[in-house]
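**Student:** Predicted model and sequence below, questions to follow.
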Amino acid sequence: MREDLRIAVIGGGPGGLYCAYLWKKRHPQAQVDLFEQNAADATWGFGVVFSEQALDFLRADDPQTVDAIAPRMESWSNIALNLRGESTAIDGIGFASIGRLELLQILQARARAVGAALAL
C-alpha cells in the first residue's frame, strides 16, 4: 500500500466512526480523516440494536470492539408480538442494544486510539 494514501470519511455516526477505526487499524500508514458537521456529543436517535448473529459476525472479525461495547449493552432473547390485544412470545432471537451516544463515544475513542484524525 502506498505510504501517502489518504482516506476521508464523511460522517461521524456509528458507521463512519467504525469505518475510520477499521481502516486505520488495518492500514496504520494511511492518513484517515473523519469529518462530522455536528459536535461529538450530538446525536439523533436513542440507541443501536444488534442481533445476536450480528454480534457474532462482529466478534469473529473484531473481538476487541465487542469487548468494549458488550458490558454496556442490554440484552434480551425473545420478542413479544402484540396484535389486536393478543401477545405471542417468539423466543430464540437474541438482541442487544446500547445507547447511541455511548456507542459513539466508544467508537470515537477507538478511532482516536489507532490514530484516526476526527474533526468533530
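**Tutor:** Happy to help now that I have it.

**Student:** Sort out which residues of stretch 10-25 are buried, please.
**Tutor:** Across stretch 10-25, burial judged by 16 or more other C-beta atoms under 10 Å covers 12-14, 16-25. Where C-beta positions appear, they are placed from N, C-alpha and C, glycine not excepted.

**Student:** Helices - which of the residues you listed land there?
**Tutor:** 14, 16-25 (DSSP state H).

**Student:** any idea how far the helix or strand hosting Gln64 is from the chain center?
**Tutor:** Following DSSP states H and E, one finds Gln64 within helix 63-69. Distance of helix 63-69 from the chain centroid (C-alpha atoms, centre = their mean, to the nearest Å) equals 10 Å.

**Student:** what helices or strands is that helix leaning on?
**Tutor:** Other helices and strands packing on helix 63-69, by 3 or more C-beta pairs under 8 Å, 6 or more residues apart in numbering; DSSP states H and E, are helix 52-61, helix 100-113.

**Student:** quick check: mean pLDDT across that helix?
**Tutor:** Mean pLDDT, helix 63-69: 97.

**Student:** before we move on, the earlier item: farthest pair within the buried residues of stretch 10-25?
**Tutor:** Pairwise distances across the buried residues of stretch 10-25 (C-beta to C-beta) peak at 18.4 Å, for the pair Gly13 and Lys25.

**Student:** Pretty sure Leu58 sits against Thr65.
**Tutor:** Yes - if you go by C-beta atoms under 8 Å, Leu58 and Thr65 touch, sitting 6.6 Å apart.

**Student:** how about the helices and strands packed on helix 63-69, which one is nearest Asp91?
**Tutor:** Going by C-beta to C-beta, the one of the helices and strands packed on helix 63-69 nearest Asp91 is helix 52-61, 12.0 Å.

**Student:** Dump the C-alpha coordinates for that closest one into CSV.
**Tutor:** Written as CSV, here are the backbone C-alpha positions of helix 52-61 (Å, rounded to 0.1, in the frame of the first residue of the first chain):
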residue,chain,number,x,y,z
GLU,A,52,-27.1,-11.9,18.3
GLN,A,53,-26.0,-13.0,14.9
ALA,A,54,-24.6,-9.5,14.0
LEU,A,55,-22.6,-9.5,17.3
ASP,A,56,-21.3,-13.0,16.4
PHE,A,57,-20.1,-11.7,13.0
LEU,A,58,-18.5,-8.7,14.6
ARG,A,59,-16.9,-10.8,17.3
ALA,A,60,-15.3,-13.1,14.7
ASP,A,61,-13.7,-10.1,12.9
